[in-house]
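J.: A predicted structure for the sequence below; I have some questions about it.
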Protein chains: 2
Amino acid sequence: MTKMASTKSASFALDASRCLICSAKALNMCGSLEPEELSRLSQIARCESFGNGEALFHEGDPAKTVYNITDGAIRLSTSLKNGRRQVVGFLFTGDFIGFSDRESFPWTGEAVRGAKVCRFSRADLARITTEFPKVEHRLLEMATADIASAQDHIVMLGQGSAAEKVSAFLLALSRKSAKRGGIENPVHLPMTREDIADYLGLAFETVSRCFTRLENEGLIAIESTRVVRIKDFEALADFSDDE
Amino acid sequence: MTKMASTKSASFALDASRCLICSAKALNMCGSLEPEELSRLSQIARCESFGNGEALFHEGDPAKTVYNITDGAIRLSTSLKNGRRQVVGFLFTGDFIGFSDRESFPWTGEAVRGAKVCRFSRADLARITTEFPKVEHRLLEMATADIASAQDHIVMLGQGSAAEKVSAFLLALSRKSAKRGGIENPVHLPMTREDIADYLGLAFETVSRCFTRLENEGLIAIESTRVVRIKDFEALADFSDDE
DNA sequence: GGCTTGCGTTGACATGGGTCAAAATCGGAT
DNA sequence: ATCCGATTTTGACCCATGTCAACGCAAGCC
């Protein structure tokens, strides 16, 4: 609840070369552009760093900016009147924040253990998309992936026991990591048990108990609090929608 | 589970005039086009009708087509190994089905009490979008709305009691109906209690009990099983995330 | 009309997971 | 290395909701 920033955020303009060597380029919307087009894009981008728990924006802030995540992880969440919090998504390198038609941000976006982003003004991006239909095409692809990811989240939330949800969550994290070129197996969890709980609609104690139980049953090994090795993908997958 | 079709599906080609007078035009992707462009679109569209419970496509079918809903309601769902079902969304007039990058449909799409759609082949649509960037722009807007709707669903599923979920569901249906030009208040529910339960991650008995309870507390009036009048929007909204 | 069939409601009961509480462990700061 | 607050784990208890079961009701059909 009361997260504090361990690092101050920094912001600086980009030069064209920085875009060219950006490791997240292939994953996000910039990947569709030629070098000379990329330099147009770099002129409107600002690079920012955020420390542990630091907010990029708050629920209700005017949504004048959009972000490409270039490193780390971001948590999108909303707090409800009853004091509880729903984590709507975890976003990683290559993901885009800003698919929304609303005037203000519907979620709070916070760095989970440090993150780097490229920030654009929405108006600048609109100009880019009309100039380069390729970018709009790429954005539609990314929005489509977002829809798939949200729908997977829905299935995770709606069905099954707490242990099923946690299993499905671990498998999804592993898959996502592999998809962006990271390691598949020892799954790294940048977020706390409470974050996971608020993502899955559970109490954090329940999430903790599920980890312990999955370890006792030999499906996973908790190498450290934030590193989990999946010992039996098959069984975990069966478990995740079969119990 | 074993829904049966009360009407046979029919399919026929469109002529340009039918597109021109289509009442759903303003809501879906066709709305961005000029009359002469619309006639290009009408050449690749086929109009289809589906009866009560009839499937447009099944989970796993090759996803070679996309749909514009022109009338009625469609239920997207998946069945899990444990025999349970998750309803991923209800789609209404003006909604688009086909934001997916996968080879095969991840969901089964079925008509809820009858529906009409315009069907396009994915390949034809891809040609249209490259020819008319306006259509791609409009599709991105619609995908953005889809993301917002999926995220609302996530918040509904993750947080709160059964009664909170049902309240939020009723309010969302009412809002959606108003948004597409329908009536806001006596909310019409084309779907069964079981459909609602599978959408909200509840047992259908629980949904039924919540309706009864909300009526007893004076927040709604059940005019008939499928028609609910909201008597106190304010209280229902407070209830929906406050209890 | 009376039957059939699917859908909805209500009741009784069991249990998974929320809540409260306390101890254990981790990790950053000095 | 030590300390201190944050996070995680574990335990005990209880309630909301799932499950099982019976019944009511409305629509369609003969």
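T.: Received, thanks. Residues are numbered from 1 along each chain as shown, chains lettered A, B, ... in the order given.
J.: can we go C-alpha only for contacts and neighbour counts from here?
T.: Noted.
J.: residues near the residue of chain A found nearest DNA strand C, how many?
T.: Of all residues in chain A, residue A:161 sits closest to DNA strand C, at 3.0 Å by CA to the nearest atom of the strand. As a burial measure, residue A:161 scores 16 neighbours (other CA atoms under 10 Å in any protein chain shown).
J.: How much space separates the closest residue to residue A:65 other than its chain neighbours from residue A:68?
T.: In space, residue A:65 comes closest to residue A:121 once its chain neighbours are excluded; the distance is 4.3 Å by CA to CA, 6 or more residues apart in numbering or on different chains. With distances taken as CA to CA, to the nearest Å, residue A:121 is found 11 Å from residue A:68.
J.: Looking only at neighbour counts, state which of these two leads.
T.: The neighbour comparison of residue A:121 against residue A:68 (other CA under 10 Å) goes to residue A:68, with 26 against 15.
J.: so where's chain A shaky on pLDDT?
T.: Residue ranges of chain A with pLDDT under 70: A:1-17, A:241-243.
J.: Which residue ranges of it form strands?
T.: A:10-13, A:46-50, A:55-57, A:65-79, A:85-92, A:96-97, A:108-121, A:186-188, A:220-224, A:227-230 (DSSP state E).
J.: Residue for residue, what is the longest helix chain A has?
T.: The helix that spans the most residues within chain A, counting by DSSP state H, is helix A:133-158.
J.: now it and strand B:65-79, what's the angle there?
T.: 20 degrees (axes from the mean of the first three to the mean of the last three CA atoms, to 10 degrees).
J.: How about helix A:133-158 and DNA strand C, touching?
T.: No: under the criterion of CA under 7 Å from any atom of the strand, DNA strand C is not reached by helix A:133-158; the shortest gap measures 10.5 Å.
J.: is that helix anywhere near chain B?
T.: Yes: using CA under 8 Å from any CA of the partner chain, helix A:133-158 comes into contact with chain B via A:133, A:136-137, A:139-141, A:143-148, A:150-151, A:153-155, A:157-158.
J.: I'd like to know how far the spatially most central residue of chain A sits from residue A:111.
T.: Nearest to the geometric centre of chain A sits residue A:91, at 0.7 Å (CA atoms, centre = their mean). Distance of residue A:91 to residue A:111, computed by CA to CA: 10 Å.
J.: what's the answer for residue A:52, then?
T.: For residue A:52, the distance to residue A:111 equals 6 Å [CA to CA].
J.: for residue A:184, same thing?
T.: Going from residue A:184 to residue A:111 by CA to CA gives 22 Å.
J.: now swap in residue A:21 and tell me
T.: 23 Å.
J.: quick one, which of those two is more surrounded?
T.: residue A:111 (26 against 9).
J.: what sits against that one?
T.: Residues near residue A:111 by CA atoms under 8 Å, 6 or more residues apart in numbering or on different chains: A:50-56, A:72-75.
J.: Columns distance to DNA strand D on top of these, output as TSV?
T.: Shown next, in TSV, are the contacts of residue A:111 (distance: CA to the nearest atom of the strand, whole Å):
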residue	distance to DNA strand D
A:50	16
A:51	13
A:52	9
A:53	8
A:54	12
A:55	14
A:56	18
A:72	17
A:73	15
A:74	15
A:75	14
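J.: just curious, which of the residues you listed is nearest to residue B:220?
T.: residue A:75 (36.1 Å; CA to CA).
J.: show me the residues around the closest residue to that closest one other than its chain neighbours that make contact.
T.: Residue nearest to residue A:75 in three dimensions, not counting chain neighbours: residue A:90, with 4.7 Å by CA to CA, 6+ apart. Contacts for residue A:90 (CA under 8 Å, 6+ apart) come out as A:73-76.
J.: out of these, what pair is the most spread apart?
T.: Largest pairwise distance in the contacts of residue A:90, by CA to CA, is 10.0 Å, between A:73 and A:76.
J.: anything in contact with each of those two?
T.: A:90-91.
J.: Next to DNA strand C, which bits of chain A? Give me the list.
T.: So chain A meets DNA strand C at A:6, A:160-163, A:201-206, A:224-226 (CA under 7 Å from any atom of the strand).
J.: mind giving me the domain ranges of chain A?
T.: A:10-144, A:159-240 (automatic domain parsing).
J.: out of the ones you listed, which comes closest to residue B:167?
T.: domain A:10-144 (14.7 Å).
J.: so residue A:62 bridges to which residues?
T.: residue A:104 (DSSP bridges).
J.: go on, the one 10 residues further on?
T.: Here residue A:72 sits in beta bridges with residue A:115, going by DSSP bridges.
J.: count of neighbours near the residue nearest to residue A:44 when sequence neighbours are not counted?
T.: What sits nearest to residue A:44 in space, not counting adjacent residues and going by CA to CA, 6+ apart, is residue A:120, at 6.2 Å. Neighbourhood size, residue A:120 [other CA under 10 Å]: 22.
J.: again with residue A:114
T.: By other CA under 10 Å, 21 other residues sit near residue A:114.
J.: what does residue A:193 give?
T.: 19.
J.: and the gap between it and residue A:91?
T.: Taken as CA to CA, the span from residue A:193 to residue A:91 is 17 Å.
J.: Not including adjacent chain positions, what is the nearest residue to residue A:200?
T.: Residue A:200's closest residue in space is residue A:157 (CA to CA, 6+ apart), at 5.8 Å.
J.: do residue A:22 as well
T.: Residue A:22 sits nearest to residue A:70 (CA to CA, 6+ apart), 7.9 Å away.
J.: repeat for residue A:28
T.: residue A:94 (4.7 Å).
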